[in-house]
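Chemist: fold the following, please.
(2 chains)
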Amino acid sequence: MKYLQALMLLIALMAPTRLWAVEPDEMLSDPTLEARARALSKELRCMVCQNESIDDSGAPLAHDLRVLVRDRIKAGDSDAQVLDFLVARYGEFVLLKPRLSWHTVALWGLPPAVLLVGAVVILMDLRRRRSGQAGQEQVNLTAAEEARLAELLRDRSAT
Amino acid sequence: MIPELGHYALMLALGLALIQGIMPIVGTRTNDPVLMSIAAPAALAQFVFVAIAFLALAECYVASDFSVLNVYENSNSAMPLIYRLTSIWGNHEGSMMLWVSILAFFGALVALFGNNLPATLKANALAVQAWIAVAFELFILITSNPFLRIADAPFEGRDLNPILQDPGLAFHPPMLYLGYVGFSIAFSFAIAALIEGRIDAAWARWVRPWVLGAWMCLTLGIAGGSYWAYYELGWGGFWFWDPVENASLMPWLAGTALLHSAVVMEKRGALKVWTILLAIIAFSLSLIGTFLVRSGVLTSVHAFAVDPTRGIFILAILVVFIGGALALYAWRAPLLKQGGLFAPISREGALVFNNLFLTSACATVFVGTLYPLALEALTGDKISVGPPFFNSTFGPLFIPLMLVMSFGPLLGWKRGDIVSAAQRLLAAAVLAAVAVAAAFAIEHGGPVLAPFGVGIAVFVMAGAVTDIAERTMILRLPMRASLMRAIGLPRSVWGTAFAHFGIGVTLLGIVAVTAWGSERIVAVKPGETIDVSHYRLTFDGVFNRPGPNYRDVVGHFTVRRASGDVIGAMEPSRRTFPARNMATTEAALMSRGFSQLYLSLGDPNPDGTVPVRLFFKPHVLMIWLGAIIMFFGGGLSLSDRRLRVGAPRPAKAKAKDKPVLQAAE
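Modeler: Modelled structure (predicted):
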């Protein structure tokens, strides 16, 4: 059911407008500038939509933002300047890839942290076990279970 | 009458679930085999009554009984039968009914086929399963009753949301739920093991088929949802990193990790404690997925606060089950003993590597999905986390996984020889290098890294083939002998090779379509042409076409090769549904090999032109084909397991199976 809710919302938001994103009359005639505009549009959020970039959204606001991005590009702004302009105007919320700052440290830091901590734990565990501290335990089964287990495991030596 | 019957059956099911949840646990505590043996019949009976409730709801939809609020709100007598049936789960209440039905179904399967389980494990696992059922049946009865009546029955229903009137709805939610809920079995077994305070390698053997089945369904469910979004939403994206999608990806990542760690546990008795934790995590993420989609918290934190009954209820379920499970884990896991030593370079080591990266990838998706919600709830700051974030964090975690994936199956258990594995992968590596060179030579434009993506995908696929080639000693033995070896290989080996090959196929599709797809957005008049890749489309005009409960405005396009010969026509449309006064874009797709032409239509302009979006999607079908191959691989492996789990005897003794099993009980 993962799409249902998003789709319903999408429909609700789009119903009065067109079910469409980038429109022909918005596009810039210079292909390199247009390509930059498209790439930037994918980084920017349509603020009234649910997690959609302005490149994908058919909402009127997304249309206005797409035109705005193209206006800035035509005015000679660099990509960074366009983003700065939009952040100054609409806040960090407009960026689909949040900038690293004190309140996004955990967001950006967690993936590498999980990887590092996981790796360290695994290495320590391996070292501890190889130094022989971990016992050569075997589960203490009842006699009946022992027999059943042997039966279950008997045919599996193939791999 | 029918809806009342359904409502009553659901209450009875709740009562049975309570019995199933209490008596067997008491039985295992007091060592009372009679109380323990209540679990299985109670689970079966509970399934029967849940099924009656579900069928009653289905009958209301089939008969278009608009005196039932849920049917009135989501169905319409003009809809074809298939959509009247699928609209059962096209809404909140009905989809929760589906959830509970699948849960009860799995419980019944354990009750039926769990004859070779130890009595206490079976009793405890079914009891835990029953507690999940109790929670969700209460949730339905208290907050989301699909059987509510309207005093003054309307003549006509309000229709199903048009975008859901699609075969995708028949397939995608049930598959996804089979996956989500399938992990509940692993969860129940994990909790049962923690309650008992002991666990052995056989535990993994019992649980693996369930995990594998759930993983297969989830794989296909996610792929199906992705394809559905691709053709239905009208702009040809196949993955959006939307929270609802992430909600299904997280259990998949955790489930994939669980699948691999359970192998280690079964074969080598190692990673027990970790496998138990993964089983808890996989189902917890399924619950969180349900919560994210069902509570409205995604729309915004505020929408959640406005009507919080359902959200709070699901949140309570989350806290009780996840919190309870983790607390139990913290308390009991130290009692479980670790076993199985292995060197870092070994099959186990490779699988640990797999688990480390899959878990990190899962954590990345988790934090990216929930961080904005948490930040807003805690500080009020609003940030967005979208595709660019996930692409730059998830990608780097997946690449090492892909590179190492081919090594795993070639390493020996306990202590592997990396040099020999590398030598055996030499052919695969050469093939990958050729693919990189070819991609550089053939394709122009596109990101510089894309050919390396192709190389990784080819390496993964060739690595999977290498594994089979090595085991069958093809080209080294006579053909006939190799063939005999191929037939003799365990099916799980074939399953692994197919599933890994499928990953490579999917990756290849993703790389090709992302890097080399082309797109045209233009407004055309009849008679005008649009060129994309090697194709030329001529717009012939627009006409109207009525459907059962909608009408289409269809654009007709003739498709030609660049050389000029006609290869077909494409007819994208704008579809209007009068019952809800809504429109959808019905894109037209034309497959050329694995590639597709994708055409969608905008609203006609006043000046007579029609805006169109035309894409050429190179090798896009590989994305979903890969998922189907993974599903097939899972199925092969599952058929192997079932054979062995269901009948733990050599094949020759098959005829005597039944009595032997009972004796073993």
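
Chemist: would you agree residue B:447 is in contact with residue B:515?
Modeler: Yes - applying Cβ atoms under 8 Å, one finds residue B:447 in contact with residue B:515, separated by 5.5 Å. (Glycine included, C-beta is placed from N, CA and C.)

Chemist: which helices and strands sit right next to the host helix or strand of residue A:147?
Modeler: Counting by DSSP states H and E, the element that carries residue A:147 is helix A:143-153. Contact partners of helix A:143-153 among helices and strands, from 3 or more Cβ pairs under 8 Å, 6 or more residues apart in numbering or on different chains; DSSP states H and E: helix B:201-232.

Chemist: I'd like to know which elements the next helix or strand along the chain from the helix it packs on is packed against.
Modeler: For helix B:201-232, the following helix or strand on the C-terminal side (DSSP H and E) is helix B:243-268. Applying 3+ Cβ pairs under 8 Å, 6+ apart, one finds that helix B:243-268 contacts helix A:2-14, helix B:167-196, helix B:201-232, helix B:272-294, helix B:347-379.

Chemist: the second one close to chain A?
Modeler: Going back to what we said before, that points to helix B:167-196. Yes - using Cβ under 8 Å from any Cβ of the partner chain, helix B:167-196 reaches chain A at B:172-173, B:176-177.

Chemist: tell me the pLDDT of the residue of chain A found nearest chain B.
Modeler: With Cβ to the nearest Cβ as the measure, residue A:96 is the residue of chain A nearest to chain B, at 3.0 Å. Here the pLDDT value assigned to residue A:96 is 90.

Chemist: and for the closest residue to it other than its chain neighbours, the neighbour number?
Modeler: Closest residue to residue A:96 apart from its sequence neighbours, by Cβ to Cβ, 6 or more residues apart in numbering or on different chains: residue B:386 at 3.0 Å. By other Cβ atoms under 10 Å in any protein chain shown, 23 other residues sit near residue B:386.

Chemist: next: residue A:118.
Modeler: Neighbours of residue A:118 using other Cβ under 10 Å come to 17.

Chemist: low-confidence bits of chain B, can you list those?
Modeler: B:234, B:296, B:299-307, B:338, B:641-665 (pLDDT under 70).

Chemist: need the helices and strands packed on helix B:243-268 in CSV with mean neighbour count and distance to residue A:66, can you?
Modeler: Below are the helices and strands packed on helix B:243-268 laid out as CSV (neighbours: other Cβ atoms under 10 Å in any protein chain shown; distance: least, Cβ to Cβ, whole Å):
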stretch, mean neighbour count, distance to residue A:66
helix A:2-14, 21, 15
helix B:167-196, 24, 29
helix B:201-232, 23, 22
helix B:272-294, 25, 29
helix B:347-379, 21, 23
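
Chemist: nearest to residue A:75, of the ones you listed?
Modeler: Proximity to residue A:75, assessed across these by Cβ to Cβ, is greatest for helix A:2-14 (29.8 Å).

Chemist: which residue would be the closest one in chain B to chain A?
Modeler: residue B:386 (3.0 Å).

Chemist: tell me, how many residues neighbour the closest residue in space to residue A:45 that isn't next to it in sequence?
Modeler: Among residues not flanking residue A:45 along the chain, residue B:384 sits closest, at 4.5 Å (Cβ to Cβ, 6+ apart). If you count neighbours by other Cβ under 10 Å, residue B:384 ends up with 20.

Chemist: residues touching residue B:384, list them.
Modeler: A:45, A:51, A:92-96, A:98, B:372 (Cβ atoms under 8 Å, 6 or more residues apart in numbering or on different chains).

Chemist: is it true that the residue nearest to residue A:96 touches residue A:54?
Modeler: No - between residue B:386 and residue A:54 there is no contact under Cβ under 8 Å: 11.0 Å.

Chemist: what do those two both touch?
Modeler: Joint contacts of residue B:386 and residue A:54 (Cβ under 8 Å, 6+ apart) are residue A:45.

Chemist: now do the helix of greatest length in chain A against helix B:347-379, angle only.
Modeler: Secondary structure of chain A per DSSP state H: the longest helix is helix A:105-130. Angle, helix A:105-130 to helix B:347-379, by axes from the mean of the first three to the mean of the last three Cα atoms, to 10 degrees: 150 degrees.

Chemist: specify the beta-bridge partners of residue B:552.
Modeler: Going by DSSP bridges, residue B:552 is paired in beta bridges with residue B:545, residue B:575.

Chemist: pretty sure the residue of chain A closest to chain B is in contact with residue A:41, am I right?
Modeler: No - using Cβ under 8 Å, residue A:96 makes no contact with residue A:41, being 10.2 Å away.

Chemist: ok so, going back, any idea of the mean pLDDT in the longest helix of chain A?
Modeler: Mean predicted confidence for helix A:105-130 is 88.
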